[in-house]
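>>> this one's structure only:
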């Protein structure tokens with residue numbers, strides 16, 4: 001009977017895949033560190049893979065005198081960690097990509113593959129293809145946080161592989177490149193967030209001052225301290241009756257609090273047929289109940305619940321209010337024994353420093369561009385993660 005093939009294959013490959021046992025393509029590593037020739041201890045993390053124990057735990061866990069019984073793990077060796085978790089229900093199997101040798105606890109199973117593309121095998125263990133075998137042939141044992149399976153049985157694990165090692169390599173390279181692209185966008189996103197954090201500190205005056213450290217050319221006037229209620233229209237929310245709440249997108253969007261906002265934007269979640277207080281498209285939405293001070297924009301006309309207030313303001317004001325939240329301004333004002341909240345007077349009396357409208361415009365535009373760049377990388381990251389998930393499900397044969 002022909003072996004199954006995946007739904008998605010690279011052009012030019014049509015041969016059936018074969019099924020081989022793990023013990024046929026890998027040897028168990030049994031060499032111990034008895035003369036303490038290796039001092040660095042590795043651990044196998046479901047999230048981070050093979051990592052130095054001191055980096056993972058921020059300290060050495062293993063006693064230097066006891067690591068003589070640890071296995072010596074060479075670069076590109078694979079390690080099975082029987083500790084189970086939400087992300088690794090049968091324990092993670094990871095490849096040593098540190099490009100150096102380390103010592104591994106004998107609680108782990110270390111194996112050295114041969115006759116198979118290492119990158120392909122690495123990605124195979126990122127799929128769920130091998131989970132059914134583990135489920136049928138092992139158990140969680142006496143300890144609920146560890147999976148129990150004998151070495152002999154573990155070596156019987158079937159591994160589906162393309163017969164052509166070139167196809168194996170193409171699959172491994174494709175998924176590795178995709179993963180690097182995700183990491184690249186994550187890194188750029190974090191770098192832009194750090195830049196924004198730095199510029200928010202430098203382009204707004206420090207406490208007790210009226211001039212920022214960094215300004216656009218041509219602006220020298222001191223900023224003015226004003227009450228928020230004197231420079232922006234504020235509308236406090238009023239919740240409709242709960243019997244008027246709906247799940248119908250044709251009704252009015254209801255914003256009740258932080259749960260209706262994500263990444264600084266209103267995300268429709270609940271609708272209502274009753275109109276109480278409203279905000280217009282482009283208004284700023286401020287959370288007035290725990291967590292107090294979260295700020296977002298609305299891209300829709302919305303009905304306001306009593307957990308929020310609407311503020312008519314520009315991009316500069318949006319960034320100013322976000323900065324106030326980060327600096328803990330609202331937390332100092334919030335009251336209530338059951339949960340934190342701020343009232344209309346707190347918002348109207350809030351002190352805010354303002355430059356000229358022209359300078360506000362330039363500052364607002366600058367930070368909006370940073371926010372757009374962050375959102376772009378976040379969106380790209382999510383798209384690539386979805387693609388990776390899809391490809392992991394479809395570039396390997398389904399079981400059963």
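On my side now, so go ahead. Note that the structure is predicted; figures quoted are calculated from it, not measured.
>>> So for residue 2, what pLDDT did the model give?
pLDDT, residue 2: 45.
>>> again, but for residue 36
Looking at residue 36, its pLDDT reads 89.
>>> Is it in contact with residue 69, as I believe?
No - using CB atoms under 8 Å, residue 36 makes no contact with residue 69, being 10.6 Å away. (C-beta placed from N, C-alpha, C; glycine too.)
>>> now the helix or strand of the chain with the lowest mean pLDDT: how far from the chain's centre is it?
Every helix and strand in the chain was compared by mean pLDDT, DSSP states H and E; the lowest is helix 53-57, with a mean of 83. Counting by CA atoms, centre = their mean, to the nearest Å, helix 53-57 is centred 21 Å from the centre of its parent chain.
>>> For it, list every residue counted as buried.
Using 16 or more other CB atoms under 10 Å as the test for burial, helix 53-57 gives 53, 56.
>>> ok, then the element right after it?
Downstream of helix 53-57, the next assigned helix or strand under DSSP states H and E is strand 71-73.
>>> what sits against the closest residue to residue 138 other than its chain neighbours?
Spatial nearest neighbour of residue 138, chain neighbours left out: residue 149 (3.3 Å); criterion: CB to CB, 6 or more residues apart in numbering. With contacts defined as CB atoms under 8 Å, 6 or more residues apart in numbering, residue 149 is in contact with 82, 134, 137-138.
>>> Output the below-cut-off pLDDT ranges for the stretch 301-400 of the chain.
335-338, 399-400 (pLDDT under 70).
>>> how about the helices of it, start to end?
315-326, 329-333, 344-348, 357-394 (DSSP state H, counting those that start in this stretch).
>>> which of the residues in the second one are buried?
Of the residues in helix 329-333, those buried by neighbour count under the rule 16+ other CB under 10 Å are 329-330, 333.
>>> Could you do stretch 155-170 as well?
For stretch 155-170, burial by neighbour count (16+ other CB under 10 Å) applies to 155, 157, 159-162, 167-168, 170.
>>> ok, back up a step: what pLDDT does the residue nearest to residue 138 get?
Reading off the model, residue 149 has pLDDT 95.
>>> which phi and psi does it have?
Dihedral pair for residue 149: phi -150, psi 140, per degrees, to the nearest 10.
>>> Let me know the secondary structure of the residue lying closest to residue 299 once chain neighbours are set aside.
Nearest residue to residue 299 in three dimensions, chain neighbours excluded: residue 281, at 6.1 Å (CB to CB, 6+ apart). Three-state assignment for residue 281 (DSSP: H, G, I helix; E, B strand; the rest coil): coil.
>>> Give me the below-cutoff pLDDT ranges for the stretch 101-250 of the chain.
Using pLDDT under 70, the flagged stretches of the stretch 101-250 of the chain are 141-143.
>>> how about the helices in it?
Secondary structure of the stretch 101-250 of the chain (DSSP H, counting those that start in this stretch): helices at 118-124, 131-137, 151-154, 165-202, 228-231.
>>> ok so, going back, quick check: the residue nearest to residue 299 vs residue 312, distance?
Distance of residue 281 to residue 312, given as CB to CB, to the nearest Å: 11 Å.
>>> and the two? which has more neighbours close in?
residue 312 (15 against 11; other CB atoms under 10 Å).
>>> neighbours around residue 123, how many?
There are 25 residues near residue 123, going by other CB under 10 Å.
>>> any idea how far it lies from residue 207?
According to CB to CB, residue 123 stands 51 Å off from residue 207.
>>> same question, residue 228
Distance, residue 228 to residue 207, using CB to CB: 17 Å.
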